[in-house]
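> any chance you could fold what I've pasted below:
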Amino acid sequence: MNKFNFLKSVTTIVVATTALLAISSAQAELKGWNIHVPDYPVSVGMDKFTSLMEASTGIKAKTFHNGVLGSQPDAIKQVQLGGLDFAVFSLGPMGPIVPATNVVSLPFIFKNMDHMHRVMDGSFGDKLSAAMEEKGLVGLAWYDSGARSFYNSKKPITEVADMKGLKFRVMGNPIFVEMVEALGGNATPMAFSEVFQSLKTGVIDGAENNWPSYESTSHFEVAGFYSLSQHLIIPECLCMSKITWDKLSDDEKVAVKAAARESSVLQREEWAKRALKSRKIVEAGGIKFNEIADKSAFQDAMSVVYEKAVAKSPFLQEYIDAIQSVD
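Okay, the predicted model is just below:
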């Protein structure tokens, strides 16, 4: 083979390989992470998102449910690095990674679920998403995770004094440790998967969570006192890796965000239905449920939690004021 033919052959191979890589890249399926079972409201929302995204952009995507791709801390790192393309994350444990998200973890920061929706769907949500983007996470939409209340195996909680000495599991964020301690309890950060056995064996006395989590994990079988404190209303984020996001065209970005926002409407509807269903199941199962007539003492006890949060991150005061300014 002469030099000309050799170079021609090499050029042909390079062009063909480049074309194949381009086709492969174009057809690559985006990979999503989710901790929940396939029929959970978050899962239903994520599946809606991927179907809408493919319909509007042609981008194929698959969500891996049940946490098969690892824990949330691992998944956050993978999304930041581009190993995973999208995910739904609870903002509760995200504070150490994106300090601005700590504001939505402050107890009683939202008045109720509707207030949370108005805040997160408005300019504040965009502000928080911008802070997350600096850490490699692009916030596309905000999902519901309900209102969290205390439950335990010992007694009803009707006033702050009832918290004294009880050992509660909390998510891995110092704010939640401070929250329980401010109420006189003992806080134990612990993986969610370990809670049932720890309740059953008495390692902890209680935990705090929403109705679906309390029911679906069978925690109600080993901790039968559920007290409606509703101290935390923490949204979840449908996030995309900034690495993946930056590869999209402007038109694709608009379409992807629209798909995410539309999926959040369905997810919230599914959440409301699931919360009601779960509450009926556990009440039929014999739990002892109680309202807390006056939450003001619980709210007042949180002043030290707010003070510590702002002292550690002074910029949080601006975020707190922004949330509280929304009717």
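
> and Asn102, what does it touch?
Asn102 is in contact with Gly95, Asn173, Ile175, Ala309, Ser313, Leu316, counting by CB atoms under 8 Å, 6 or more residues apart in numbering. Heads up, the C-betas are built off the backbone N, CA and C, glycines and all.

> typo on my end, it should be Lys127
Lys127 neighbours (CB under 8 Å, 6+ apart): Tyr319, Ala322.

> distance of Val103 from Ser149?
According to CB to CB, to the nearest Å, Val103 and Ser149 sit 21 Å apart.

> with neighbour numbers in mind, choose between these two.
Taking other CB atoms under 10 Å, Val103 and Ser149 do not tie; Val103 has more neighbours (26 against 20).

> ok so, going back, buried ones only from the contacts of Asn102, please, as a PyMOL command.
Here is the PyMOL command that selects the buried residues among the contacts of Asn102 (16 or more other CB atoms under 10 Å):
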select buried, resi 95+173+175+309+316
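
> redo the contacts of Asn102 as TSV? Include pLDDT, secondary structure and distance to Val195.
Converted to TSV, the contacts of Asn102 look like this (pLDDT from 0 to 100; DSSP: H, G, I helix; E, B strand; the rest coil; distance: CB to CB, whole Å):
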residue	pLDDT	secondary structure	distance to Val195
Gly95	86	coil	20
Asn173	84	coil	16
Ile175	91	helix	19
Ala309	93	helix	25
Ser313	93	coil	28
Leu316	95	helix	29
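
> ok, the contacts of Asn102 vs Lys257, which is closest?
Comparing the contacts of Asn102 against Lys257 with CB to CB places Gly95 closest, at 24.5 Å.

> who are the contact partners of the closest one?
Thr101, Asn102, Ser105, Asn173, Pro174, Ile175.

> go with 6 Å
Thr101, Asn102, Asn173 (CB atoms under 6 Å, 6 or more residues apart in numbering).

> beta partners for Val170?
Following DSSP bridges, Val170 is listed with bridge partners Pro189.

> ok, now how distant is Asp74 from Thr201?
When Asp74 is compared with Thr201 (using CB to CB), they lie 27 Å apart.

> those two - which one has more neighbours?
Asp74 (14 against 9).

> show me what counts as buried in the host helix or strand of that one.
Per DSSP states H and E: Asp74 is located in helix 72-81. Neighbour-count burial for helix 72-81 flags Gln72, Ala75, Ile76, Gln78, Val79, Gln80 (criterion: 16+ other CB under 10 Å).

> residue contacts, the second one?
Ala75 makes contact with Trp33, Ala87, according to CB under 6 Å, 6+ apart.

> got the end-to-end distance for stretch 159-177?
Using CA to CA, to the nearest Å, the end-to-end distance of stretch 159-177 comes out at 19 Å.

> correction: the previous question concerned stretch 210-220.
11 Å.

> repeat that for stretch 150-168.
9 Å.

> pLDDT averaged over it - what is it?
In this model, stretch 150-168 carries a mean pLDDT of 97.

> switch to numbering from 291
All right, first residue 291 from here; so that's stretch 440-458.

> how distant is it from the center of its chain?
Remark: stretch 440-458 is offset 26 Å from the chain centroid, using CA atoms, centre = their mean, to the nearest Å.

> separation between the closest residue to Ser395 other than its chain neighbours and Leu538?
Closest residue in space to Ser395, ignoring its immediate chain neighbours: Ile465 at 5.0 Å, by CB to CB, 6 or more residues apart in numbering. Ile465 sits 34 Å away from Leu538, going by CB to CB.

> now, among the contacts of Asn392, which is nearest to Met480?
Out of the contacts of Asn392, the member with the shortest distance to Met480 (by CB to CB) is Asn463, at 12.3 Å.

> could you give the mean pLDDT of the helix holding Asp364?
Here the average pLDDT along helix 362-371 is 94.

> longest strand of this protein, counting residues only.
strand 515-523 (DSSP state E).

> any chance you could list what contacts it?
Contacts of strand 515-523 (CB under 6 Å, 6+ apart): 397, 400, 406, 437-442, 446-447, 577-582.

> now, of those residues, which are buried?
For those, buried by 16+ other CB under 10 Å: 397, 400, 406, 437-442, 447, 577, 579, 582.
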